[in-house]
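just coords:
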C-alpha cells in the first residue's frame, strides 16, 4: 500500500471527512488525542511544506476554515495547530487539536472513540458553513490640490519635518 493519506484521498480507505475542497481534505483522526482532533492534508502528495509553498498556503487556509468549523460545532476552549512530520506517514499534514480541559500532547495515549461518536462529531463539524470574505484591494487615490496654495502653517510643518534629523 502506498501512502495512507493518498489512499484516503482516493477513497480507498474509509475516513470521517469533515471538509473537502479542490486541493485539500480534512478528516477526523482515528487515534485522537482530543475529541474532534482533525488532520488536514493536501490532495497532492508531498512531504514538507516548503516543497510546495503555494499549495501549503492553501492547506493552511483550509486548516483555518476547519478550525473555525470545529470551534462552532464543538465549542472548545481553544484550538491548537501542529505541523510535526510523522515517521509513519510521509505526507504533509496539519493536525488540529480542539482543547477542552487539558492541552493534548502527542505523547499521551489516544482517546478511545467509537465509530458512532466519530460519525457524530464529523456530522457536527460538516454541518457548519463558513463563507470566506474576499479582501477588497483598496486603491489609493492621491488628492490633487490644483490651484490651492498651502497655508503658512502647512508650509512650516512640512519644512520642520524635513529639518528634524
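Structure's in. What do you need? Treat the numbers as computed from the prediction; the structure is a model and nothing was measured.

so how far is the longest helix that the chain contains off the chain centroid?
When the chain is parsed with DSSP state H, its longest helix is helix 53-74. If you compare the mean C-alpha spot of helix 53-74 with that of the full chain, they lie 3 Å apart, counting by Cα atoms, centre = their mean, to the nearest Å.

and the angle from the next helix or strand after that helix to helix 53-74?
Where DSSP states H and E defines the elements, the next helix or strand beyond helix 53-74 is strand 78-82. Here strand 78-82 runs at an angle of 150 degrees relative to helix 53-74 (axes from the mean of the first three to the mean of the last three Cα atoms, to 10 degrees).

show the average pLDDT along strand 78-82.
Model confidence over strand 78-82, given as mean pLDDT, is 93.

contact partners of the longest helix of the chain?
Where contact means Cβ atoms under 8 Å, 6 or more residues apart in numbering, the residues beyond helix 53-74 that reach it are 18-19, 21, 23-24, 26, 35-36, 38, 40-42, 44, 46, 49-50, 76, 79, 81, 92, 94, 96, 98, 121, 124-128, 130, 132. C-beta: built from backbone N, CA, C; applies to glycine.

any weak-confidence spans in the protein?
For the chain, the stretches flagged by pLDDT under 70 are 1, 103-108, 133-148, 155-165.

name only those of the contacts of helix 53-74 that count as buried.
Neighbour-count burial (16 or more other Cβ atoms under 10 Å) applied to the contacts of helix 53-74 gives 18-19, 24, 26, 35-36, 38, 40-42, 49, 76, 79, 92, 94, 96, 98, 121, 124-126, 128.
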